[in-house]
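Participant: my questions concern the predicted model and sequence given below.
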Amino acid sequence: MTQVILSLLGAFRVMVDGELANHFESNKARALLAYLAAETGRTCARTSLADLFWPESVESIAHGYLRRTLSNLRTVLKDRTAASPILNITRDTVQFTLNGAVDVDLIHFLALTDGLDRTAASVAMLERAVMLYRGPFLDGLVIDECPAFEYWLTVLRSNIDQRAGQALFHLARHYAEVGRRTDALALLRRHLELNELNEEAHRLLMQLLMLLGERSAALTHYNHLCHLLSSELGMEPEAATQAIYQDIQRGTPASAPTSANPLAQTTAQHSSLPIPVCVGRDQQLAQLEAALERMLRADGSALFLAGEAGIGKTTLLQAFLQRVRRLHPEISVGHGVCTAHLQTGDTFQAFPGM
């Protein structure tokens with residue numbers, strides 16, 4: 001039986017019977033395979049796939065491109081002679097089928113991190129998820145003139161990075177609590193690449209540096225954090241962060257946090273996780289803050305953020321919500337997430353950020 005391994009987290013890579021598959025005809029072929037694998041279990045209409053990857057072509061030509069690309073994928077995957085093909089192709093539909101012959105890192109990662117912000121996860125699950133996350137989904141894969149695919153990619157990549165950030169942070173906390181300080185520090189640095197404004201992670205990193213005898217590095221990191229918060233949010237560090245800084249200045253021995261169940265921490269308890277960096281949006285943030293002030297005066301209204309996919313609407317909103325949480329802790333802040341892109345996904349995911 002032919003064995004296929006799809007690696008979609010980080011750079012796209014496919015192994016077929018232990019050898020690297022190099023005969024994809026184009027990046028669109030790679031992107032199509034990744035899309036079908038990510039949508040495992042869903043029957044995709046050929047018409048939708050043609051529109052997704054060849055939106056500028058007339059229908060007949062787009063369908064011709066799709067037929068050629070699917071043929072290329074069947075050849076690369078050795079699917080033509082397989083007893084149980086990975087690609088179930090009919091005249092009108094295409095479906096990626098998981099079976100004993102195929103392994104997809106993304107599928108495992110999503111299963112390991114599902115509900116991570118609401119439920120506890122075992123150390124083994126977190127370690128496996130962190131190992132699988134080699135980098136952003138389809139990192140470096142570029143195809144031109146496919147805006148709907150780019151939107152799909154942006155949404156899924158953001159969701160994956162959020163899950164990875166949570167897994168890294170939870171596992172770093174656990175390692176810190178059991179004395180694996182160097183390992184915890186490495187995970188925190190990876191986490192902060194994804195969630196640069198998670199102040200709790202910065203605090204833990206400063207504590208670990210102090211515990212490892214790197215007092216100067218801890219003080220330098222605090223100064224970096226001050227600059228980051230000032231430039232991105234117009235704020236100073238939280239009181240808890242300033243207290244840790246003062247302890248480090250005095251040379252007071254640091255202690256890593258302890259918890260009866262550190263892996264059961266939730267996003268609600270860590271309100272700054274995850275918050276993406278929002279750059280060059282001072283005017284829009286000022287408009288949102290003015291609307292907030294009107295709301296506090298009982299003169300509220302509904303606002304809509306409009307624009308093309310990928311221009312940073314979600315990032316802007318999350319940066320604003322972060323300011324609200326910090327400046328007005330008495331206000332309950334929530335946000336909803338809808339992943340019903342391209343006529344698929346969960347229609348309603350009510351307020352996971354409460």
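Facilitator: Done, it's in. Residues are numbered from 1 along each chain as shown.
Participant: Leu49 contacts Val94, doesn't it?
Facilitator: Yes. Using CB atoms under 8 Å, Leu49 is in contact with Val94, at 6.3 Å. Using the backbone N, CA and C atoms, a C-beta is placed for each residue, glycine as well.
Participant: now the strands: where do they sit in the stretch 201-350 of the chain?
Facilitator: Here the stretch 201-350 of the chain has no strands by DSSP state E, counting those that start in this stretch.
Participant: so where's it shaky on pLDDT?
Facilitator: 253-283, 296-300, 308-312, 314-315, 318, 322-323, 325-330, 332, 334-350 (pLDDT under 70).
Participant: count the neighbours of Gly18 for me.
Facilitator: 7 (other CB atoms under 10 Å).
Participant: with Ala45 instead?
Facilitator: 12.
Participant: over to Glu214?
Facilitator: Around Glu214 there are 15 residues (other CB under 10 Å).
Participant: ok, it to Arg181 distance?
Facilitator: Noted for Glu214: a distance of 11 Å to Arg181, by CB to CB, to the nearest Å.
Participant: got it, and Thr113?
Facilitator: From Thr113 over to Arg181 (counting by CB to CB), the distance is 24 Å.
Participant: more neighbours, the two?
Facilitator: Ranked by neighbour count (other CB under 10 Å), Thr113 and Arg181 place Thr113 first, with 25 against 16.
Participant: helix, strand or coil for the residue lying closest to the more buried one once chain neighbours are set aside?
Facilitator: Of all residues not flanking Thr113 in the chain, Arg163 sits nearest, at 4.0 Å (CB to CB, 6 or more residues apart in numbering). Using DSSP: H, G, I helix; E, B strand; the rest coil, the structure places Arg163 in helix.
Participant: OK, contacts around Arg163?
Facilitator: Shown in contact with Arg163 (CB atoms under 8 Å, 6 or more residues apart in numbering): 109-110, 113, 116, 129.
Participant: among the residues you listed, show me the least confident.
Facilitator: Among these, Leu116 carries the lowest pLDDT, at 75.
Participant: name the element it belongs to?
Facilitator: Leu116 is located outside every helix and strand, with elements delineated by DSSP states H and E.
Participant: need the nearest residue in space to it, chain neighbours excluded.
Facilitator: Nearest non-adjacent residue to Leu116 (CB to CB, 6+ apart): Gln166, at 5.0 Å.
Participant: ok, now Ser84?
Facilitator: Once flanking residues are discounted, Ser84 sits nearest to Asn99: 4.9 Å by CB to CB, 6+ apart.
Participant: so what's the residue count around that neighbour?
Facilitator: As a burial measure, Asn99 scores 12 neighbours (other CB under 10 Å).
Participant: so is it in a helix, a strand, or just coil?
Facilitator: Taken by three-state DSSP, the conformation at Asn99 corresponds to coil.
Participant: got the phi and psi for it?
Facilitator: Dihedral angles of Asn99 (phi, psi; degrees, to the nearest 10) stand at phi -150, psi -180.
Participant: doesn't Ile86 make contact with it?
Facilitator: Yes. Asn99 is within contact range of Ile86, at 7.1 Å (criterion: CB under 8 Å).
Participant: what about the helices in the stretch 1-150 of the chain?
Facilitator: Applying DSSP state H, counting those that start in this stretch to the stretch 1-150 of the chain gives helices spanning 27-38, 46-53, 59-76, 105-113, 123-132, 147-177.
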